[in-house]
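Q: next input, structure requested:
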Amino acid sequence: MSIVSTLLRARDAEGGHNVAFGLIAVGLAAAVFYVDTYTDIEGAIAVLYVVIMLLAAQATTRVGLFVIAAACAALTLLSYAMTHGDNADLQSTTRLIVALAALFVTTMLLVKTETARLTLLSINSALKESEARYRSIFDRTRVALWERDYSKLRSYLMDVRAQGVTDIKTHARTNPTFVDHCIGLIKVVAANEAAREMLGPESSAVGSLRRSFITGQERFLDVVQAIMDGERVFEDKAEVRADNGEDKLVLLSIAFPEDPAAFNRVVVSMVDITQREMALKALAEAQAELTMASKAATVGAMSASLAHELNQPLGAIVVNSQTLLRWLDRDPPDLAAVRRSAERMIRDSQRASDIIQNTRGLLSPSNNKLESISLDRLIDETMALMEHELQRSGTTVHIERKAHIPPVSAVKIELQQVLINLLTNAIQAMDEASSPQRIIKIATARPDIEHVSIAVRDTGPGITDDVKDKLFAPFFTTKAAGMGMGLSICRTTLEARGGKLDGTNHHDGGAIFEMSLLIKPEVEHA
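A: So this is what the prediction gives:
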């Protein structure tokens with residue numbers, strides 16, 4: 001069986017005819033041998049073995065061709081030996097050589113033809129496998145795919161361009177039937193199951209492209225322009241209409257071939273992004289609502305900030321007013337003391353005005369101008385503002401000044417308000433705990449080349465463990481009448497300028513809050 005398969009071709013659809021050719025070749029070989037050996041014909045009868053080779057080539061492999069060629073050559077030599085073995089002449093020898101040469105040349109040509117045939121069969125088999133894989137991918141992928149014939153449309157567009165048209169949209173406006181004509185030139189060759197599920201069987205049917213399928217004329221003209229300009233790929237969002245009348249937003253992708261002859265099979269893909277776009281729209285609306293809510297929260301925070309910050313200067317104004325009245329009620333009135341109380345009222349009123357102006361500046365940051373501020377001077381001015389509160393509570397302030405502390409670029413009223421908040425919180429903490437010693441220590445330092453710091457330490461009860469994590473949270477407070485905005489606003493204010501605010505317990509007792517400030521902020525306005 002192995003010898004037969006080596007000599008004969010595998011049986012195919014035409015196997016019966018191949019066997020017939022083989023039998024005819026055997027019979028003809030016997031006839032040629034007989035005529036060449038046992039008749040008196042002097043012609044080159046052996047050349048007819050070429051015909052036998054041609055017939056045998058229809059049923060044998062390349063090895064079989066060589067075997068048959070060898071057999072024909074052997075018959076030719078045998079016939080020559082039997083007829084001219086004793087009296088060989090030049091004429092008969094020449095006929096022998098011509099017959100053998102013809103047999104050899106024919107064999108080589110047939111072997112080459114057989115090799116080409118086998119190569120062609122291999123290529124054809126690979127092509128069929130490739131086509132089967134492509135068709136399997138095309139049919140089974142979950143992306144909606146179409147094969148369309150754009151060849152007629154491309155030819156038409158090339159003619160239009162030859163007439164000098166370069167802008168398709170302008171040309172379409174002057175020719176109302178242009179779009180319909182272009183759509184009529186497109187043919188649907190095939191569509192996969194995903195395409196039929198997305199748009200329905202009618203929109204995916206083989207044949208002319210449906211006009212109702214295209215809802216956005218502008219996008220179609222963009223595709224036409226891409227074909228005219230010779231672009232290789234077109235990708236964009238497009239609106240299409242399904243068989244049920246539903247409009248869908250899809251991501252359209254078309255890959256145009258380089259070879260114009262291949263425009264008869266152009267692959268078009270669509271991905272339904274309708275739900276994604278709806279989700280993005282809902283997200284955008286939610287973000288808009290969040291922005292409005294954030295603005296409302298900002299207004300609320302500003303209102304709380306104003307209420308919190310204005311409480312101290314307004315309270316000081318009330319106390320100074322009452323003191324002024326007492327000095328006036330004396331007999332005689334103490335005008336010098338009245339003047340000091342009036343000056344304090346003016347000072348506190350100006351501070352209240354600065355607080356309002358600074359809060360307004362949050363909405364217009366360009367109004368918050370940075371200035372060079374000496375920390376020592378800032379502390380001294382703040383102590384003057386807090387003088388009455390410190391005296392009322394019996395609190396002593398110790399200031400530890402470090403040499404060579406450079407000035408910082410900041411908004412003075414902001415730093416002053418933060419420092420006042422920290423001092424006020426320290427006084428209130430010691431008041432609530434009835435601390436026997438009421439001492440506040442303020443220390444300046446320069447922890448590194450870029451920062452300076454102000455630390456405020458009190459002798460109160462310190463920060464409890466359950467409060468540490470919520471210390472700077474908005475609206476969190478441990479005070480019965482507190483609003484919970486002071487420390488939150490202080491930290492936000494410093495962070496807006498590149499600084500920070502930390503609070504912890506001191507190892508010797510009490511709480512310590514440290515303001516860290518950039519000496520030169522990177523930006524002038526937060």
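
Q: neighbours around residue 34, how many?
A: By other CB atoms under 10 Å, the residues close to residue 34 number 12. Every C-beta, even on glycine, is put in place using the N, C-alpha and C of the backbone.

Q: gap between the host helix or strand of it and the chain center?
A: Using DSSP states H and E, the element containing residue 34 is helix 15-38. Put simply, helix 15-38 sits 73 Å off its chain's centre (CA atoms, centre = their mean, to the nearest Å).

Q: just stretch 136-148 next, same as before
A: In this view, stretch 136-148 has its centroid 24 Å away from the chain centroid, taken as CA atoms, centre = their mean.

Q: related to what we said a few turns ago, now the helix holding residue 34: buried residues?
A: For helix 15-38, burial by neighbour count (16 or more other CB atoms under 10 Å) applies to 18, 21-22, 24-25, 28-29, 32-33, 36-37.

Q: with respect to residue 460, which of those is nearest?
A: residue 18 (110.4 Å; CB to CB).

Q: quick check: pLDDT value at the closest one.
A: Turning to residue 18, the model gives it a pLDDT of 62.

Q: next: residue 480.
A: In this prediction residue 480 is given a pLDDT of 51.

Q: ok, back up a step: who touches the helix holding residue 34?
A: For helix 15-38, contacts defined as CB atoms under 8 Å, 6 or more residues apart in numbering pick out 8-9, 11-12, 41, 45-46, 48-49, 51-52, 55-56, 58-60, 68, 71-72, 75-76, 78-79, 82-83.

Q: circling back to that earlier point, farthest-separated two in the buried residues of helix 15-38?
A: The span of the buried residues of helix 15-38, defined through CB to CB, is set by 18 and 37 at 28.9 Å.

Q: so how far is the helix or strand hosting residue 442 off the chain centroid?
A: If you go by DSSP H and E, residue 442 is part of strand 439-445. Here the centre of strand 439-445 is set off from its chain's centre by 53 Å, with CA atoms, centre = their mean.

Q: whichever helix or strand comes after that strand vs strand 439-445, what angle?
A: Where DSSP H and E defines the elements, the next helix or strand beyond strand 439-445 is strand 451-458. Calculated by axes from the mean of the first three to the mean of the last three CA atoms, to 10 degrees, strand 451-458 forms an angle of 170 degrees with strand 439-445.

Q: note down every partner strand of strand 451-458 and its orientation.
A: In the sheet, strand 451-458 lines up against strand 439-445 (antiparallel), strand 511-518 (antiparallel) (DSSP bridges).

Q: neighbouring strands - and their directions - for the strand or helix carrying residue 147?
A: For residue 147, the host element (DSSP H and E) is strand 144-149. Under the criterion DSSP bridges, strand 144-149 sits next to strand 187-191 (antiparallel), strand 266-272 (antiparallel) in its sheet.

Q: average pLDDT for it?
A: Average pLDDT, strand 144-149: 87.

Q: repeat that for stretch 45-54.
A: 80.

Q: what do you get for stretch 108-126?
A: Per-residue pLDDT values across stretch 108-126 average out to 84.

Q: equivalent analysis for stretch 274-288, please.
A: In this model, stretch 274-288 has a mean pLDDT of 76.

Q: please state the offset of it from the chain centre?
A: That offset, for stretch 274-288, works out to 17 Å (CA atoms, centre = their mean).
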